[in-house]
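> Quick one, structure for this:
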Amino acid sequence: MNRRLLLAAAAAFLPVGLAQAQTHGTPQVATFRVGPLIIEAPWTRATPGGAKVAGGFMVIRNTGSTPDRLVGGTFPNAPRVEVHEMTTIDGMMRMREVRGGIEIPAGGSVQLRPGGYHMMFMDLSEQIRTGAAQRGTLVFEKAGTVEIDYNVAPVGAPAPSGGHGAPRH
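The predicted structure follows:
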């Protein structure tokens, strides 16, 4: 059986929303879908020992004709996951939970990135280590829940490793 046929057969059994991360030996940006929403390149950073929080980053595109809201999610070893925003006011960085979530406009996109909107993984019971992707979920007000894989970049990385960062907007 040739490689393409094997990949096609394996893809038929992947959970809904999980995308092929590699095609013909060329790494691709991982994408996940729930309804009209496309989640691109989810990633997080490895954490130093003892760290109790981490952030999750990605781009979310809404290909539909109505807005939706990112309202929460799950992450391994984090009993709480919140939608957060970091802003700089009068030279001081401030982080806060975004109550009610982030609107994903119809036909638009939102970038979750360091220094802006992000998922906040709270009260981590284990260190996040560089290596295997971490399976989590995102919860949307209308589209529902989707499983995603967060790639894990090294501690302090400004973007995911491997040069496949989320598109800039």
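
> any idea which residue sits dead centre in the protein?
Nearest to the geometric centre of the chain sits P42, at 3.1 Å (Cα atoms, centre = their mean).

> Which strand or helix spans that residue?
strand 37-45 (DSSP states H and E).

> same check, this time on E103
Here E103 sits within strand 102-104, counting by DSSP H and E.

> tell me the mean pLDDT over that strand?
Averaging pLDDT along strand 102-104 gives 98.

> I'd like to know which elements that strand is packed against.
Using 3 or more Cβ pairs under 8 Å, 6 or more residues apart in numbering; DSSP states H and E as the contact test, the elements touching strand 102-104 are strand 54-62, strand 68-74, strand 109-112. Placement of C-beta: from N, CA and C, glycine included.

> Would you mark the buried spots in it?
102, 104 (16 or more other Cβ atoms under 10 Å).

> Quick one: distance of that strand to the chain centre.
14 Å (Cα atoms, centre = their mean, to the nearest Å).

> can you list the residues that contact that strand?
Residues from elsewhere that reach strand 102-104 (Cβ atoms under 8 Å, 6 or more residues apart in numbering): 37, 60-62, 67-70, 83, 85, 110, 112, 117, 140.

> Pick the one among these closest to A153.
A153 has its nearest neighbour among the contacts of strand 102-104 in L112, at 14.1 Å by Cβ to Cβ.

> and that closest one, what pLDDT?
The model reports L112 with a pLDDT of 97.

> I figured it hits G73, correct?
No: counting by Cβ atoms under 8 Å, L112 sits too far from G73 to count as a contact (10.9 Å).

> which neighbours do those two share?
By Cβ under 8 Å, 6+ apart, L112 and G73 have these common neighbours: 56, 119.

> what pairs with the closest residue to G115 other than its chain neighbours across the strands?
In this structure, G115 finds its nearest non-sequential neighbour in M86, 5.5 Å apart by Cβ to Cβ, 6 or more residues apart in numbering. In this entry, M86 is beta-bridged to M95, by DSSP bridges.
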